[in-house]
Each structure stands twice: as structure tokens, then as C-alpha cells.
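J.: Sequence first, predicted model second:
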2 protein chains.
Amino acid sequence: MSDREARKRSTLRDVARRSGVSVATVSRVLNAPMRVSQATRERVQSAITELRFFPSAAARAINSGRTRLVGALVPTLDNAIFARFLEALEGGLAERGLSLVVATTNGDPEREAAKAQSLIDCGAEGLVLSGVTRAASFDALVERAQMPVIATSYFDPDYRYPTIGYENGTVARIALSHLIDLGHREIAVLHGPVHNNDRTRARLQGLEPPKNITLCHWETDLSVGGGSAAVNRLLSGRMPTAILCLSDVLATGALYALRRHGIAVPEQTSVMGIDDLPSSAFTRPALTTVRLQVREMGAATAEALADWIEEGHRPEPRDLGPKLIVRETAAPPVAGVNDGRKTRR
Amino acid sequence: MSDREARKRSTLRDVARRSGVSVATVSRVLNAPMRVSQATRERVQSAITELRFFPSAAARAINSGRTRLVGALVPTLDNAIFARFLEALEGGLAERGLSLVVATTNGDPEREAAKAQSLIDCGAEGLVLSGVTRAASFDALVERAQMPVIATSYFDPDYRYPTIGYENGTVARIALSHLIDLGHREIAVLHGPVHNNDRTRARLQGLEPPKNITLCHWETDLSVGGGSAAVNRLLSGRMPTAILCLSDVLATGALYALRRHGIAVPEQTSVMGIDDLPSSAFTRPALTTVRLQVREMGAATAEALADWIEEGHRPEPRDLGPKLIVRETAAPPVAGVNDGRKTRR
DNA sequence: AAGCGTGATAAAACTAGTTACAAGAGTCAA
DNA sequence: TTGACTCTTGTAACTAGTTTTATCACGCTT
């Protein structure tokens, strides 16, 4: 084997030269082997093996005009809800022969625009977004690229890109209504950062309480630790009869903190979450929550985006209806029980 | 604007024609604007805008020979530990101008090989793997592609691909030793499925107990629910003084189940995990565990793989030392306490 | 024996960019 | 005035594949 051959990746031409045929024949061996005589095919095959040839993705892409790549922009992977969504999205895309490139934005629209650029630069044929807050530069980018874009975790039929998700306001309202129906009048609302999260903002906006209901809001980190910390803070003031957590991770943390302070759930305080993480059915007590159909959202997004890319059908916005999941952490308030609360430790 | 122009994506040639310059000049406007006179540059820029031109990733890739794409093969995203790893990996790669394509394998080596093929087909320049169990077809693939490959979540300096991770046997041993040092002699070991998970197998193999120690193994789903279920099963038999969970999600589920049955931790049973998830510091009681430096693993993998791809330096295997994190769930066994266990509900 | 269809293969055009090289114009110093 | 130099731009080759068109040999008909 000569130096030239050993130097780097071999190409179609190298294989053609080696096996004494034209490049067209080698290409045929690769793409339509039955259209090449067996003798030639075998000769070419052995040259391919000897030269460790394998075709360049870029060269194929340039001809087909297809990269079969889809980009997803999510705030973070380090959150069970996005991870689950991406898991389902990846599965659905893979079934349709598409691969998933992920990029994290940390909820920052400018960063989203920058990462979108890099996704386009690497050849993404479509984009999956989270929420509906965009930087102007993002829209300009998509305007030029004329590329399929779907926004998820949000349902808004009037949004400029098709949305697949849920009405976050409604989701929050379902949870709040459940607590009100149970008889709660003073409710603490725990939520993650608002400034970089339009889903949280939309949930908050959905919480227009009736006149006789008092809500007080506690913003904290969107993590189990954040939920715990918020409850610790909350306990220094007047205790509400229920804590509505705008995310199950916060609720999980809240339950831990309440337990630490010896506050019985739901006897002394009710707790609700939103998301219905797989673990939420197993907390002690089991968490009453609102299920967001995140896997379905991933699957639906994969299907819709694949169809848009392949067939050019812009999908209709789609609302994955949330479901109230009644478990053990929410119960009617017991009159007077809040005044005699014990605070162990 | 003519039909031809409106029909589909415009190319460099279209822009050149429109602005009355050569393709080389347009290319220069894109890549080295200072080498083009201002007048020409502006003319070309406006043609670019009018035609909504933007360059094809594939065509660039074919020239540079670079796609700037890296593939990651993980069993699932629906597991906090892999999600955290990928989060850090994506961040590290993005800093170095690389994008991350993810593919899930469900722990199946054949599926891994198939997905690896699709990653290569879409142009990945390097691969990140989990564990050390490979299908033969995978090795054949990499052999041909001659592509940088790093195996993670595992440390084995003799493995055929460089590993960045931890010695799973050692990790498990650290946890076991801690329990033994506390005085436990009868220990239940909870772990996820063994057949598709070499990390779990390696952890199990690390658990060679001294003579006077009894271990009994419980295999279950790798989820909070799985941990709960295993403890429910375990309670029907003789109660050990400690439960060693080979993963924090199992430990979280175990704690929930123990609480449900009114078994005090650590007074009646000690519990240990492995991973140190962010939530593990907040469980009640706080989980004693072994920290796997997963973010560091992601960052180190990004750095090593980027260096391999760009500079051709094959990285040295790297062991991210695990750390024992002593919190509240593990304490010395209290003699006799196990016999008088109460099983509420 | 001429004509025709078919199968196998080669030649060349094509995809959409980058880049080496050449050429012309303008500036400046000797 | 001429040579050297820079600045700007165009021509054409190049990347690594796919695809269209053309050619040729072969066997079969008439």
C-alpha cells in the first residue's frame, strides 16, 4: 500500500482506481448493487474493504440536499421533564430515520438564537423549541432559513410557529381549582425563576384567584433543593393551608422540607405539583399533581416535524390535554389545625 | 423575482449572478469580508438578503472535511445521571464549537451498533459511549471509520477505547465498606437490571464481602418505583440492618417505601445510595451515598474528545475518583431493633 | 446479415461551496 | 518612466459523492 493510500480516508475515486472501474460503478455498488454484475460487484467490494472506504456523509448530503438532522433547543437536560421529552422525541425521530442534535439554552433567548445558528450551521433541517419567548435574531434566522420550526411545552394556536403542548395557564388553573374545591382559601404558590421561563409565567398568569382566595408567591430555584428552601422560608411566616408547586421537583423538595419540620401532609398542609414525574407516584404521601403528557408531546413533535420536513405539511397546533392526578397530598383543610403546628428541630 | 428564483433555496451562484460578481467574491464576502471592497461587499450583501441566501452546511462540510458533529450513545435520557452527563458534555462541546447528536440504545449493544451507524451516516466525527459492552458489529464499524471513540461511566485502562469514568467495582466497595465499618453484617443489595448494564454488573462484582458479612441481592427496575417495589418485597422476609442501593434513584424509592412501612431510617435500617443526585442531599433523612462526578465526566469527555478530533491526541484513560458522601441515612445498627420492627399499614 | 432490445459500464455533468492562481488597476519610490 | 507592490476580482480547479447520458457488446429476431 503506497503512502498516498495510507495517508487518509479513501474516496470513491480511490476505490474506482483500485478496482479498475469508474466512479459511477462504485456508486452503484453502494446504492443499487443489483444493477452491477456479480463479478464487478465483488471486485469493487473487496477494494472497498481493502481501502477501508466508507462514504462521506457531507458528500451524500450535498447531492440529496438532506442531512436527516433535526435540532432541539431546550433550556437544560438536567431536568427530568425535558429529558423525558427528548427521550421520546429522539425515539420518534429515529423511527423516521432522523437524528437529533441537542443544544441547551439555559432559558436565554439570545443564547437560543446563537445555538440555533450553530444547529443550522451543522445542517439541521428543522428545529424544536421550548416555550414561546424568542429573540428577534432567532426569527430573522428562521425567516431566512425557511425551515420547519415547532414550539413545544406550550399551546397557543396563534403563535407564529406551530405549538405542540399544553396551555400552561389552564394547567395551573386545574391545580388551583382542585385545591379551592377542597376548601383551601390561603394558598402558597411555589415556582421557579420567572425571568427566563415563559411556561412558568404563563402558569402564574393562569392563577387568577376568586375574590375570597389569598395566594402568596414564592420564587425559588427549579430544583428539589429550591423547593425545600422555599418551604423553609415560608414557615417563618403565616402558614397557608395548601402549597401549590408549579413543578413536581419543587413539590418533592417541599414534601421533604415539610417532613423535616414535622408538618403532616395532607393533614396540616396540602401540597400539589404539576408535571407528574414518574417518581411522583411514589413520594410519601403520593403527590397529587397535574399530568403533562410529555412523552406524548415528544412523540407528537417527532411525527409532526418529520411530516413537515418530508412532505411539507405544516402541522396544526396541538393541545395535549393535562389531567388532574389525585393522589394523597391534597385534602380538605382541617379548621384550626394550622395554628397548633409543631416545628420540630 | 422569476419563478426560478422563487422556487427553492438559492445558491452562491445565484447570488453571484444577481450581484454581477464571481462566486469567489461571494464566498469571500462570507468568509473574509475585509478582503472585498466596501462597494462590492454591499452589493453582494444586498443580493444575499434579497435572495434569502444562506450557505449549505453540507457543501461547507465537503470542503473542510469537517462536520463539527459528535455523537453520544446513551442507554436512556430518562435517567438523571445520563441527562446530567449529557448536559455537561453538550456544554463542553459547544464551548469548542462542536454540536452533540444524541442517540439512545436502551442498553442493547446491537441497537448501539445500529445507532452508531446512523451517527456516522449523519457525519459524526467522534463517538461517546456508555459502559464497555459492545457488539462485534460496532467494533467493525469503528475499525473502518477510524474515528475517535471514548467510553464513559467506566474506568478501565486496558479497554480498547479510552475510558473516562470510575471503577464501578470500587464505587460499590466504598459504599459497602462504609456500611461494614458502621457494623452492619446483614445487608440487602438493591440494583437495576443486570443483563443490559455492565456498570451494574461491575458494581456487583466489586461487592466481594468478607466472610462474616451476608449480602442478599434484589434486582428491580432502575427507577424510584423499582426501589420502592424492591423494599416492599424485601420486607416480607428477614430484615437486613442495611440496604445498599446501587443507584440513588433506587435509594430514593427505598426511603419512600420504608417510610410507608413506618421503618425509621437510620434507626431501624440504614440506607445507602450511589450517584449523589442533586436531590439526594434533600431526602428525608438526607441520603448517604457515593458521589460520581458526572458533570466532571461530561466536561472531561468533551475536552478529551475535542482534543482527539482536532489535534489527533488519543486521550489517556481517566479515573474520576468517587467520593463517599456521609449524610444521615447510614448509622451503626442498633442490636435487637430489627426484631421489633413495626409494619404499619 | 441487418436490426433491435437489453445489460453493463464509462464519461461527464451535476450538487454547492472553497481556494489557488492569475490578471488588472492603482500607488509609490527610485 | 519603470519596476515593485498591494488591492481587488475573476477563472478554474478542487472537495466527494450521485445521476444522466452515451457507448459497447451481446443475444435474439426477421
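T.: Happy to help now that I have it. Because the structure is predicted, anything quoted here is derived from the model rather than measured.
J.: nearest residue to the closest residue to DNA strand C within the stretch 51-200 of chain A other than its sequence neighbours?
T.: Per Cβ to the nearest atom of the strand, A:Ile62 is where the stretch 51-200 of chain A lies closest to DNA strand C, at 4.4 Å. The way it works is simple: take the backbone N, C-alpha and C, and place the C-beta from them, glycine included. Once flanking residues are discounted, A:Ile62 sits nearest to B:Ala58: 4.3 Å by Cβ to Cβ, 6 or more residues apart in numbering or on different chains.
J.: Report the contact partners of that neighbour.
T.: Going by Cβ atoms under 8 Å, 6 or more residues apart in numbering or on different chains, B:Ala58 touches A:58-59, A:61-62, A:65, A:67, A:123.
J.: That one in helix, strand or coil?
T.: Under DSSP: H, G, I helix; E, B strand; the rest coil, the three-state class of B:Ala58 is helix.
J.: Please report the distance of it from B:Cys245.
T.: 48 Å (Cβ to Cβ, to the nearest Å).
J.: In terms of helices and strands, where is A:Arg28?
T.: helix A:23-31 (DSSP states H and E).
J.: Check A:Arg43 too.
T.: Following DSSP H and E, one finds A:Arg43 within helix A:38-50.
J.: And that helix, how far out from the chain middle?
T.: Centroid separation for helix A:38-50 versus its chain: 46 Å, with Cα atoms, centre = their mean, to the nearest Å.
J.: is the helix holding A:Arg28 anywhere near DNA strand C?
T.: Yes - counting by Cβ under 7 Å from any atom of the strand, DNA strand C has neighbours in helix A:23-31: A:23-25, A:28.
J.: list the contacts for A:Ala304?
T.: With contact set as Cβ under 8 Å, 6+ apart, A:Ala304 has these partners: A:150, A:162, A:164, A:315, A:318.
J.: what pLDDT, on average, does the helix holding A:Arg43 get?
T.: Average pLDDT, helix A:38-50: 94.
J.: how about it: buried residues?
T.: In terms of neighbour count (16 or more other Cβ atoms under 10 Å in any protein chain shown), helix A:38-50 has its buried residues at A:40-41, A:43-45, A:47-48.
J.: can you count the residues close to the residue lying closest to A:Arg13 once chain neighbours are set aside?
T.: In this structure, A:Arg13 finds its nearest non-sequential neighbour in A:Val23, 5.8 Å apart by Cβ to Cβ, 6+ apart. By the criterion of other Cβ atoms under 10 Å in any protein chain shown, A:Val23 has 14 neighbours.
J.: Next: the one 4 residues further on.
T.: Each residue near A:Ser27 was counted by other Cβ under 10 Å, and the total is 17.
J.: mind checking pLDDT for it?
T.: 95.
J.: and if you look at A:Pro210?
T.: 86.
J.: That one reaches A:Ile180, doesn't it?
T.: Yes - using Cβ atoms under 8 Å, A:Pro210 makes contact with A:Ile180 at a distance of 7.1 Å.
J.: which of those two has more neighbours?
T.: A:Ile180 (17 against 9).
J.: my guess is A:Ile120 contacts A:Leu141, does it?
T.: Yes - judged on Cβ under 8 Å, A:Ile120 makes contact with A:Leu141 at a distance of 6.8 Å.
J.: Output the contacts of A:Ala304 as a markdown table; include the columns distance to B:His261.
T.: Shown next, in a markdown table, are those (distance: Cβ to Cβ, whole Å):
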| residue | distance to B:His261 |
| --- | --- |
| A:Ile150 | 46 |
| A:Pro162 | 48 |
| A:Ile164 | 42 |
| A:Pro315 | 48 |
| A:Arg318 | 43 |
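J.: tell me which of those is nearest to B:Pro333?
T.: Of all these, B:Pro333 sits closest to A:Ile164, with 52.6 Å by Cβ to Cβ.
J.: Report the secondary structure state of that closest one.
T.: Going by three-state DSSP: A:Ile164 is strand.
J.: Can you name the residues bridging to it?
T.: Note on A:Ile164: beta-bridge partners A:Thr152, A:Arg318, judged by DSSP bridges.
J.: which residues sit in contact with it?
T.: A:Ile164 touches A:150-152, A:155, A:297, A:300-301, A:304, A:315, A:317-318, A:320, counting by Cβ under 8 Å, 6+ apart.
J.: Ok, A:Ala299 next?
T.: A:88-89, A:91-92.
J.: Can you pull the residues of the stretch 1-150 of chain A lying near DNA strand C?
T.: Counting by Cβ under 7 Å from any atom of the strand, the stretch 1-150 of chain A sits next to DNA strand C at A:20-25, A:28, A:35-37, A:39-41, A:59, A:62-63, A:65.
J.: Quick check on these: which are buried?
T.: Here, 16+ other Cβ under 10 Å leaves A:21, A:25, A:28, A:36, A:40-41, A:62 buried among those.
J.: and the closest residue to A:Pro55 other than its chain neighbours, how many neighbours?
T.: Of all residues not flanking A:Pro55 in the chain, A:Leu30 sits nearest, at 6.5 Å (Cβ to Cβ, 6+ apart). A total of 18 residues lie near A:Leu30 under the criterion other Cβ under 10 Å.
J.: One more: A:Thr269?
T.: 29.
J.: Check A:Gly312 too.
T.: Using other Cβ under 10 Å, A:Gly312 has 8 neighbouring residues.
J.: Tell me the spacing between it and DNA strand D.
T.: 19 Å (Cβ to the nearest atom of the strand, to the nearest Å).
J.: and the nearest residue to A:Gly321 once chain neighbours are set aside, what does it touch?
T.: Excluding the flanking residues, the one nearest A:Gly321 by Cβ to Cβ, 6+ apart is A:Tyr166, at 7.2 Å. By Cβ under 8 Å, 6+ apart, A:Tyr166 lies in contact with A:153-155, A:292-293, A:297, A:319-322.
J.: Quick check: phi and psi on A:Tyr166?
T.: Here is the backbone geometry of A:Tyr166 (degrees, to the nearest 10): phi -140, psi 160.
J.: again with the one 3 residues further on
T.: The phi and psi values for A:Gly169, taken as degrees, to the nearest 10, are phi -60, psi -50.
J.: just to revisit the earlier point, so which of the contacts of A:Tyr166 sits lowest on pLDDT?
T.: A:Gly321 (92).
J.: Which parts of chain A are strands?
T.: A:69-74, A:99-104, A:126-130, A:149-152, A:163-165, A:186-191, A:214-219, A:242-245, A:270-272, A:289-291, A:318-319, A:323-325 (DSSP state E).
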